[in-house]
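**Student:** all I have is the shape, not the residue letters:
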């Protein structure tokens, strides 16, 4: 259960980074890299891949919808904090926490579905691969940020 919680937290963190100004083209490239990364780490047979990827993509779509609603709630609260009553704030807070619970329930549901189409070893490799891919992306982001900070400001020519 601890691993599922950790994966969920890392997923939210990574998704929030992605949603902050990444173009659809870049996001598509990252998703393609993730698919290749996971496929390699799991060493899926063509038959396994044919059954696994539709399930995995379905889970990803559901999680994206939950994450979008959580972001929307956070934006609503941030933008309209002073206009909401305490009851409205409480309702949004309750919905926010309820979305976290739905996310955890999705992890449980899809864990069972993954076990039906993959060996337990490959299910565990999936979780490890997701964490490894997120770490890879975070390192790339940190590296890019470090490079951007080391560059001198651009000079304008007029």
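**Tutor:** Good, I have the coordinates. Model, not experiment: these values are computed from the prediction.
**Student:** pLDDT (mean, whole number) over the helix or strand hosting residue 101?
**Tutor:** Using DSSP states H and E, residue 101 sits within helix 86-117. Across helix 86-117, pLDDT averages out at 96.
**Student:** helix or strand next in line after it, which one?
**Tutor:** helix 120-150.
**Student:** quick revisit: now the helix holding residue 101, how far from the chain's geometric center?
**Tutor:** From the chain centre to the centre of helix 86-117 is a distance of 14 Å (Cα atoms, centre = their mean, to the nearest Å).
**Student:** return the set of buried residues in that helix.
**Tutor:** Within helix 86-117, the residues that count as buried by 16 or more other Cβ atoms under 10 Å are 92, 99, 103, 106, 107, 110, 113, 114, 117. Where you see a C-beta, it was placed from the backbone N, CA and C, and this is true even at glycine.
**Student:** longest helix in this structure, please.
**Tutor:** In the chain, taking DSSP state H as the definition, the longest helix is helix 46-80.
**Student:** avg pLDDT for it?
**Tutor:** What helix 46-80 shows for mean pLDDT is 94.
**Student:** so what does that helix touch, helix or strand wise?
**Tutor:** Judged by 3 or more Cβ pairs under 8 Å, 6 or more residues apart in numbering; DSSP states H and E, helix 46-80 is in contact with helix 2-18, helix 24-42, helix 86-117.
**Student:** can you put those helices in JSON lines and add distance to residue 150?
**Tutor:** Conversion of these to JSON lines gives the following (distance: least, Cβ to Cβ, whole Å):
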{"stretch": "helix 2-18", "distance to residue 150": "21"}
{"stretch": "helix 24-42", "distance to residue 150": "22"}
{"stretch": "helix 86-117", "distance to residue 150": "38"}
